[in-house]
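In: How does the following fold in three dimensions:
(2 chains)
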Amino acid sequence: GAVVSQHPSWVICKSGTSVKIECRSLDFQATTMFWYRQFPKQSLMLMATSNEGSKATYEQGVEKDKFLINHASLTLSTLTVTSAHPEDSSFYICSAPSSLSGNTIYFGEGSWLTVV
Amino acid sequence: AQSVTQPDIHITVSEGASLELRCNYSYGATPYLFWYVQSPGQGLQLLLKYFSGDTLVQGIKGFEAEFKRSQSSFNLRKPSVHWSDAAEYFCAVSNSGNTPLVFGKGTRLSVIA
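Out: So this is what the prediction gives:
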């Protein structure tokens, strides 16, 4: 079946540095991918919609310059957290709809970011 | 705008007992409805989904859910809970198969012996 893979699963970075998280659709093409953030013991909140070949659409309150999203190919979207701060520590998870499975949305395994 | 309400933050059931997790949604048209399970520190696993057709949906791990349009509900059920079912359960809604999901706040399930 369709699989969405995220990398890295865990990352620790220093305050002020940037970190990139990759989201790949392994056996289907994804023109759209969705990025969510989940704080501990909370629900998933949509951050942005990544569109292949065009700019991402950000949800209200999400800083575009801080959370850079690039969707350069039909199988890869990246989220870069720039100038990370401890409050950016969270679980980031991506998802992509697959037309192979009746437009079922598949989720990646998620990426834990800890900023120290 | 779509919204999802999971009224129960935390539920504790005995192993072998039946389970029902509540989910109510707000959406004007026929929604796409999902239930996901998340174990601590893990990603999401899809339990079942409803797009159309039979309103009683069977999922994995013995779970089922029933779509009730009149009540705007999509409650998740399992006849006999196993200890391994302890996890966080999220109900979600979207307006199509390729739009982002809106999640409820989740219900944490604890299973006791």
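In: Show me which residues of chain B are close to chain A?
Out: B:34, B:36, B:41-44, B:46, B:49, B:51, B:90, B:94, B:96-106 (C-beta under 8 Å from any C-beta of the partner chain). To be clear about C-beta, it is placed using only N, CA and C from the backbone, and glycine gets the same treatment.
In: Now list the buried members of those residues.
Out: Neighbour counting by 16 or more other C-beta atoms under 10 Å in any protein chain shown classes B:34, B:36, B:43-44, B:46, B:49, B:51, B:90, B:94, B:97-106 among the residues of chain B next to chain A as buried.
In: low-scoring pLDDT stretches of chain A, where are they?
Out: Where chain A drops to pLDDT under 70, the residues are A:1-2, A:101-103.
In: What residue in chain B comes nearest to chain A?
Out: Residue nearest to chain A within chain B (C-beta to the nearest C-beta): B:Gly97, separated by 2.5 Å.
In: That residue reaches B:Leu33, doesn't it?
Out: No: applying C-beta atoms under 8 Å as the test, B:Gly97 and B:Leu33 come out as separate, 11.7 Å apart.
In: how close does the closest residue to A:Thr17 other than its chain neighbours sit to A:Val115?
Out: Leaving aside its sequence neighbours, A:Thr17 sits nearest to A:Ala84 (C-beta to C-beta, 6 or more residues apart in numbering or on different chains; 6.0 Å). Separation of A:Ala84 from A:Val115 (C-beta to C-beta, to the nearest Å) stands at 4 Å.
In: Which neighbours do those two have in common?
Out: A:13-15 (C-beta atoms under 8 Å, 6 or more residues apart in numbering or on different chains).
In: Show me the residues you listed that map onto strands.
Out: Judged by DSSP state E, these include A:Cys13 as members of strands.
In: Look at A:Ser83 and say how many residues are nearby.
Out: Using other C-beta atoms under 10 Å in any protein chain shown, A:Ser83 has 12 neighbouring residues.
In: ok so, going back, now list whatever residues contact both of B:Gly97 and B:Leu33.
Out: Contact with both B:Gly97 and B:Leu33 is made by no residue, according to C-beta under 8 Å, 6+ apart.
In: Residue numbers of chain A in contact with chain B?
Out: Residues of chain A lying near chain B by C-beta under 8 Å from any C-beta: A:32, A:34, A:42-46, A:49, A:93, A:95, A:97, A:99, A:102-110, A:112.
In: Quick one: the strands in chain A, in order.
Out: A:4-7, A:10-13, A:19-25, A:32-38, A:44-51, A:57-58, A:67-73, A:76-81, A:90-98, A:104-107, A:111-115.
In: In CSV: these, plus mean neighbour count.
Out: Converted to CSV, these look like this (neighbours: other C-beta atoms under 10 Å in any protein chain shown):
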stretch, mean neighbour count
strand A:4-7, 19
strand A:10-13, 14
strand A:19-25, 21
strand A:32-38, 24
strand A:44-51, 21
strand A:57-58, 16
strand A:67-73, 17
strand A:76-81, 22
strand A:90-98, 24
strand A:104-107, 22
strand A:111-115, 19
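In: closest one to B:Gln58 among the ones you listed?
Out: Closest approach to B:Gln58 among those (C-beta to C-beta): strand A:104-107, 15.5 Å.
In: I'm done for today, thanks for sticking with me.
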